[in-house]
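**Q** Sequence plus predicted model, see below.
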Amino acid sequence: MPTGSVRLKPRKSRPFYARHPWVLRTAVAKVSRSVQSGDVVDLLNDRGEFVARGIYHATSRIAVRLYTWDPTESLDDAFWLRRLQTAISLRRSLGFLDDQQGACRLVFSEADGLSGLIVDRYGPYLVIQLNAFGMARRIEGLLDLLEDLLQPEGLIVRTDSTMVAAEGLDLAPQTRGTLPEANVTIREHGILYTVDLRRGQKTGFYLDQRDNRLAAASLMRDRRVLDLFCYSGSFGLNAIVHGGARHVIGVDSSNTALAWARTNAELNGVGRIEWRHAHAFRVLDELKASGERFGAVILDPPRFSRGRKSLREALRAYHRINRVALELLEDDGILVTCSCSGTVTAEDFVQMLAGAAEKAGRSVQMLERRGASPDHPVRTSCLENEYLKCILARVT
Ligand code: SAH
């Protein structure tokens, strides 16, 4: 049961009745005295009435993360178990657990009512990413529950470096069970990938792009493809294996990622791919200067914007790469353009593309506007989780 309560300022309770899970410190009027970071608290409106129950943080911008709106529900083991079961059952019903070597997101933080907790499955292993102090404090119990529910061969707990400071997380890397010394091999759409669960970007693989890879591949037949920001080569491999692309050039600035990409091409016996270690912006300019043309260009850059302030800069960077990509495309070319910056809205992104098309003097027909795969759901009460945009377009 709660240790204390957090009372809201007048006229600040509306979003929490609508089940938004983040109570910013600016909305808080009063915190009962004994409450410390990681404690369960009741959120009260300015008249002292119950709104929701959550976990307090004394210094984070998010003062309370909310987990239940039912006053009779306590945040105990049985509660966390129910939440985990509900999250896992969605992925099971989507068929994401059918392949023993498959990989998917099992728990996606707020979208699964588990703010601050991410659980990704890579075959028989789990990678847990903690983004909240309250979850970190309960990690042992959560791991017990995950082990009971899923019987993984091993698991590893990681923290997102950007959240360490924000949430005051001070965690030594933790593992349970047996984890392979080297990489794990997973399968997605029949393609094998080597994944480094300890050092890979995100939790090892860009699971959110799963269905976009296949959708993009369907447009690649006989095309010469440029896969910029290719990481371990997944878009390019799908373009060849499922799309029948003629040839792929994959470009990334990380040698480690390219080593995995090479391994992945070998694992699947795929030729017709060339990997280049280079800065994407420079490659675009060089290719343009040399007059090269492609049948398809894939742009999946890292997050350009982390906050509101850098939004304009981010849009300029997107504009630049998209403009040059459009210029590199043959007539009747295909552009696959993505953004994983949460602060760039879908509308901003389309406007950016329209501007790039105008500058490049090309016509862009959007064929599909996609988001992340359904193992990364978005709750209507927390649209902040909707970060991924992927536009498939034909360019003339
Ligand atoms: N498309 C990939 C994910 C790309 S993530 C997939 O689906 O798996 C973004 C990638 O961009 C990372 O691999 C990162 O190493 C790379 N990157 C970051 N900055 C870069 C730059 N300036 N030039 C080229 N690659 C860059």
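**A** That came through, no problem.
**Q** thinking Arg65 is in contact with Ala52, fair?
**A** No - the criterion here is C-beta atoms under 8 Å, and Arg65 misses it with Ala52 at 10.1 Å. (Glycine included, C-beta is placed from N, CA and C.)
**Q** any idea how far Ala393 is from Val107?
**A** 33 Å (C-beta to C-beta, to the nearest Å).
**Q** swap that for Ser341, sorry
**A** Counting by C-beta to C-beta - Ser341 and Val107 are separated by 23 Å.
**Q** what do you get for Asn322?
**A** The value you get for Asn322 to Val107, if C-beta to C-beta is used, is 33 Å.
**Q** before we move on, what about Val164?
**A** Distance check for Val164 against Val107: by C-beta to C-beta, it reads 20 Å.
**Q** which one of those two has more residues nearby?
**A** Of the pair Val164 and Val107, Val107 is the one with more neighbours under other C-beta atoms under 10 Å, namely 26 against 14.
**Q** Is the more buried one in contact with Trp80, as I believe?
**A** No - using C-beta under 8 Å, Val107 makes no contact with Trp80, being 10.6 Å away.
**Q** Leaving out the residues flanking it, which one is nearest to the residue of the stretch 1-150 of the chain found nearest the ligand?
**A** Taking C-beta to the nearest ligand atom, the ligand has its nearest neighbour within the stretch 1-150 of the chain at Ala103, 11.7 Å off. Using C-beta to C-beta, 6 or more residues apart in numbering and skipping residues adjacent in sequence, the residue nearest Ala103 is Ile186, 4.3 Å away.
**Q** contact partners of the helix or strand containing that neighbour?
**A** Per DSSP states H and E, Ile186 falls inside strand 184-188. Here strand 184-188 makes contact (C-beta atoms under 8 Å, 6 or more residues apart in numbering) with 99, 101-103, 122-123, 125, 192-195, 197, 204-205, 210, 213, 234, 267.
**Q** Which among those residues count as buried?
**A** With neighbours counted by 16 or more other C-beta atoms under 10 Å, these contain buried members at 102-103, 122-123, 125, 192-195, 197, 204-205, 210, 213, 234, 267.
**Q** Mark which of those residues are part of helices, please.
**A** Judged by DSSP state H, those include Arg210, Arg213, Ser234, Leu267 as members of helices.
**Q** Out of those, the closest to the ligand would be?
**A** Nearest member of those to the ligand, counting by C-beta to the nearest ligand atom, is Ser234, at 4.2 Å.
**Q** Which residue, other than its chain neighbours, is closest to the closest one?
**A** Nearest to Ser234 is Arg213, by C-beta to C-beta, 6+ apart, at 5.5 Å.
**Q** my guess is the one you found contacts Asn238, does it?
**A** Yes - using C-beta under 8 Å, Arg213 is in contact with Asn238, at 4.2 Å.
**Q** Does the strand holding Ile186 reach the ligand?
**A** No - using C-beta under 6 Å from any ligand atom, strand 184-188 stays clear of the ligand, coming no nearer than 10.1 Å.
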